Each structure stands twice: as C-alpha cells, then as structure tokens.
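K.L.:
Dropping a prediction and its sequence here:
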Amino acid sequence: NAGVTQTPKFQVLKTGQSMTLQCAQDMNHEYMSWYRQDPGMGLRLIHYSVGAGITDQGEVPNGYNVSRSTTEDFPLRLLSAAPSQTSVYFCASSYSTVGGVANQPQHFGDGTRLSIL
Amino acid sequence: ILNVEQSPQSLHVQEGDSTNFTCSFPSSNFYALHWYRWETAKSPEALFVMTLNGDEKKKGRISATLNTKEGYSYLYIKGSQPEDSATYLCAYSNSGYALNFGKGTSLLVTP
C-alpha cells in the first residue's frame, strides 16, 4: 500500500543550490501534480502532468522544473534555490477521465519540508 | 487565480456538538468541488468530490452539500468527536485539470 511516495522528507539547502524532489506513485494514475504549502496560504499548484511526456504550469511555476518520463514518477527540480522557496511540498496523483481529472479525488504524499538558507 | 474562501478560519467545539463550515467559490464555469481532511503531521485525505448542483454526499457523521449557482458548499459534522480535529480544505476547479485550494478551516474538538 505505498500510494504516493515523496523523498526526501526533510532537506536543508543553501541559496543557489539545486536539488530534485522525488515523487512516485504505484496506482497507475495518469495525473500527477506538485503543490507548495506556506503559512497562511492554501495549497498552491506548481506544475502538473496529465500523462507521460505532458506537463503544464500551475499557479506558481517560476523557479521550478518538471518532467514526466514515466507514468510512475514526477520529479520536481529547483534550479537555483532561493529563500522564498522554503516551504512544504506535496505531490498528488489521481486517475484521469474524459474531459479532465478534477472530478477525481487527489491522493497526496506525506510532503517534503524544504528549508533554504 | 480563482478565489476560494473558507470560513470560519478556525473553530473550537465541544465533543458532541454539531458544526458546519463554508466554502465559497466563483459560480461561473464550475467543474468540481473537493473536500479534504488534513490531520497534523499527515497528508490531506479526500472526503468528497462533488460535480453537480444540489449534490449531497455523506460519509459517516460528515456530510457536504453543493450549490454551484450561488457558489458555495457546506461541510457538516454531526456529533463532533476529538478525532475529528483537523484542518478541512476545500478545492474548486473550473478547468478540469487544476484545483484551487482554500486556506482551510481548522477544527478543534475538546472532550
């Protein structure tokens, strides 16, 4: 019963460093997405993917890169970390139906807490 | 950016009380409305996904209603228990592919 697995759970970076947050799901979900959670804010969508080879930007994509080479994996890359990217990051996945995915419940990982000094 | 408002921001009730929260969203181009329960140190867990005006969903003591014409959804908890303590998130979509989350209602139920 792995579901959505995120690694690492915690990470501290220095400004300017790069890193990749990993997300893997074993439910054969077509749709995967990344959110960030900041104090006083709702979950904000960074990037999403509706299938292997297809990605799109969400509300706050700047400073982040994604790719989807397999159905199972959807890594999020920070190209040059900035203190403003200190946040808790959640990956989510769901099935996709004709016309969209938003009528499907999202399955969330446990989150990655990222601090950038 | 689609504005999703949740009220109240936080709520403190006694065990056995019934309570309800509100989620407001744009009433045009509605696609779906989600409710999630988010316990501390865990990940959000889906409660309901609603797509039709007038939808009512129920899971145990928790139920939700949807009014897409006026742009609101209510979540009800009957006979609150301490284990109901969590943050309750709603999320709205008008596109079919992106969810816009509210900031949540934080519920504390004390014995």
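P.N.:
Done, it's in. Numbers count the residues shown, from 1 in each chain, chains lettered A, B, ... in the order given.
K.L.:
Going along the chain, name the strands of the chain.
P.N.:
All of this is about chain A. A:4-7, A:10-13, A:19-25, A:31-37, A:44-51, A:54-57, A:64-66, A:76-78, A:87-94, A:107-108, A:112-116 (DSSP state E).
K.L.:
meant chain B actually
P.N.:
Taking DSSP E as the criterion, chain B carries its strands at B:5-7, B:10-14, B:19-24, B:32-38, B:45-50, B:56-59, B:62-67, B:72-77, B:86-93, B:100-101, B:105-110.
K.L.:
ok now do the residue of chain A found nearest chain B, which residues does it touch?
P.N.:
Minimum separation of chain A from chain B (Cβ to the nearest Cβ) falls at A:G100, amounting to 2.3 Å. (Glycine included, C-beta is placed from N, CA and C.) Applying Cβ atoms under 8 Å, 6 or more residues apart in numbering or on different chains, we find A:G100 in contact with B:Y31, B:S93, B:S95, B:G96, B:Y97.
K.L.:
Read off the pLDDT value for it.
P.N.:
Listed pLDDT for A:G100 reads 74.
K.L.:
Need phi/psi at B:R61.
P.N.:
phi -90, psi 0 (degrees, to the nearest 10).
K.L.:
Can you tell me which of the contacts of A:G100 is nearest chain A?
P.N.:
Distances from chain A to the contacts of A:G100, taken by Cβ to the nearest Cβ, are shortest for B:G96, at 2.3 Å.
K.L.:
so how far is B:P44 from the closest residue in space to B:N67 that isn't next to it in sequence?
P.N.:
Nearest non-adjacent residue to B:N67, counting by Cβ to Cβ, 6 or more residues apart in numbering or on different chains: B:N53, 6.5 Å away. Distance, B:N53 to B:P44, by Cβ to Cβ, to the nearest Å: 25 Å.
K.L.:
out of these two, which sits in the more crowded spot?
P.N.:
B:P44 (27 against 12; other Cβ atoms under 10 Å in any protein chain shown).
K.L.:
mind listing what the more buried one touches?
P.N.:
A:L43, A:F90, A:Q106, A:F108, B:Y36, B:R37, B:W38, B:L89.
K.L.:
Near A:P39, how many other residues are there?
P.N.:
Neighbours around A:P39, by other Cβ under 10 Å: 6.
K.L.:
brain fart, B:F48
P.N.:
Using other Cβ under 10 Å, B:F48 has 23 other residues around it.
K.L.:
Let me know whether it touches B:K57 as I believe.
P.N.:
Yes: using Cβ atoms under 8 Å, B:F48 is in contact with B:K57, at 4.2 Å.
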